[in-house]
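Q: What shape does this take:
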Amino acid sequence: MKKLFLWLYAWFSHSFFSLLPVVAAIAGGVVLTHLIPRYGLILTLVWVVIMGAVYVKYFKWY
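A: Numbering: from 1, shown residues only. Okay, the predicted model is just below:
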């Protein structure tokens, strides 16, 4: 059973790891829009650009 859980963990981490920046960008956009509704769109766009830059710089996907 332990081996099955280790395999499932490895499979999920390899399959869905590339979705982390997307989830972080959406969650950050929701939080920023909730906290500062007047500038929510601008801050969300800035947040998405920052998340994209961090993803390209620190996560080697090639």
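
Q: Please count neighbours and contacts with C-alpha atoms only from this point.
A: OK.

Q: residue closest to the middle of the chain?
A: For the chain, the residue nearest the mean C-alpha position is residue 21 (2.3 Å; CA atoms, centre = their mean).

Q: That residue sits in which helix or strand?
A: Assessed by DSSP states H and E, residue 21 sits inside helix 20-35.

Q: Same check on residue 52?
A: Here residue 52, judged by DSSP H and E, is contained in helix 40-58.

Q: shaky segments in the protein?
A: Applying pLDDT under 70 to the chain flags the ranges 60-62.

Q: The same query, at a cut-off of 90, please.
A: Across the chain, the ranges flagged by pLDDT under 90 are 1-24, 51-62.

Q: one step back: what about the residue lying closest to the residue nearest to the centre of the chain once chain neighbours are set aside, how many neighbours?
A: Spatial nearest neighbour of residue 21, chain neighbours left out: residue 51 (6.3 Å); criterion: CA to CA, 6 or more residues apart in numbering. Residue 51: 18 surrounding residues under other CA atoms under 10 Å.
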